[in-house]
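K.L.:
Mind looking at a prediction? Sequence and model below.
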Amino acid sequence: MLAVALLVLTTGSSVVAGERTGPELLCPSDETALTLTGVHRPPVIFSWRAADGGLAHRLLVAEGRDFDHPIVDRATTETSETVRGLPGGTYSWKVIAGDASSPVATFSLKYLK
């Protein structure tokens, strides 16, 4: 039996007219601790709000806050991506759209049997 809980927290933001904004990270939100259960490691679902005019996105996930060698580097036209096989630990993630980047969010992942 597999049980997964997904919590999405969003915050309001304001945009100055004509200012280009990057993607807005939705889930996992910054400093979230995810505890997942299941015989196999359940996937982690990353979701974000698209950048102004952004059609193509690049999801980056790294250990720590250094994105020089990300463990996930995926291009997508969607605003969510499912990542399988992440071991327990602390990660940072961000989304890039063109020349705009989201802020960096960190989350920790723990698996229970």
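P.N.:
Sure thing, it's come through.
K.L.:
what helix or strand does the residue most central in space within the chain sit in?
P.N.:
Nearest residue to the geometric centre of the chain (C-alpha atoms, centre = their mean): Phe46, 4.0 Å. Here Phe46, judged by DSSP states H and E, is contained in strand 44-49.
K.L.:
So which elements touch the next helix or strand after that strand?
P.N.:
For strand 44-49, the following helix or strand on the C-terminal side (DSSP H and E) is strand 57-63. Using 3 or more C-beta pairs under 8 Å, 6 or more residues apart in numbering; DSSP states H and E, the elements in contact with strand 57-63 are strand 44-49, strand 72-76, strand 89-97. (Glycine included, C-beta is placed from N, CA and C.)
K.L.:
which helices and strands sit right next to the worst-scoring helix or strand of the chain on mean pLDDT?
P.N.:
When the helices and strands of the chain are scored by mean pLDDT, DSSP states H and E, strand 32-37 comes last with a mean of 86. The contact analysis (3+ C-beta pairs under 8 Å, 6+ apart) places strand 32-37 against strand 105-112.
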